[in-house]
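>>> okay, here's the prediction I keep looking at, along with the sequence it came from:
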Amino acid sequence: MRKVISDVEEKLRTKDYKLTSRRENILQVLIENQDKHLSAEEIYYLVKQRTPDVGLATVYRTLELFSDFAIIHSIDFGDGRKRYELIQAEGEGHHHHHLICLRCGKIQEVTEDLLEDLERRVTQTYNFTITNHQLKIFGYCKACGEK
């Protein structure tokens, strides 16, 4: 966790921003809940437990700042709420994909890159440089599928 915080601090410093204590608390919540795909409101609730005087606007501004610096990115799983994830450091693997249960809302990560062959074909056939992709598969998790 300390390395991620120090990397973020350095990244912000390159453009004369500081990692304030509130920003660091928000970052810690994101790090501690990497597998949960939290919304801004959920992040706010968790940060508020540590820093009771933090405001929702501060959380939104910080998420926007982190997004601008490519520290996090937002994902829309079709429920009308942005969810946030830390961006993996370069060299730590490709972007993962998500399985989204339509009944219970559970989000499961697929860590293998299912689109490598497609990316290679698109690059070769269309002379197109791909910088990122997202794959969201909607359906029913095992528990909901058995109901």
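Received it, and whenever you're ready, just let me know what you need.

>>> Phe138 belongs to a helix?
No. With DSSP: H, G, I helix; E, B strand; the rest coil as the criterion, Phe138 is assigned strand and is not in a helix.

>>> may I ask which helix or strand of this protein has the lowest mean pLDDT?
Across the helices and strands of the chain, the lowest-confidence element by mean pLDDT, DSSP states H and E is strand 107-110, at a mean of 83.

>>> do you know how far Glu146 is from Glu119?
35 Å (C-beta to C-beta, to the nearest Å). All C-beta spots, glycine's among them, are computed from the backbone N, C-alpha and C.

>>> quick one on the thing from earlier: give the other helices and strands that the least confident helix or strand of the chain contacts.
strand 97-101 (3 or more C-beta pairs under 8 Å, 6 or more residues apart in numbering; DSSP states H and E).

>>> now with 10 Å, please.
Packing contacts for strand 107-110, counted by 3 or more C-beta pairs under 10 Å, 6 or more residues apart in numbering; DSSP states H and E, involve strand 97-101, strand 136-139.

>>> before we move on, back to that, more neighbours: Glu146 and Glu119, which one.
Glu119 (14 against 7; other C-beta atoms under 10 Å).

>>> can you list the buried residues in stretch 100-113?
100-101, 107, 113 (16 or more other C-beta atoms under 10 Å).
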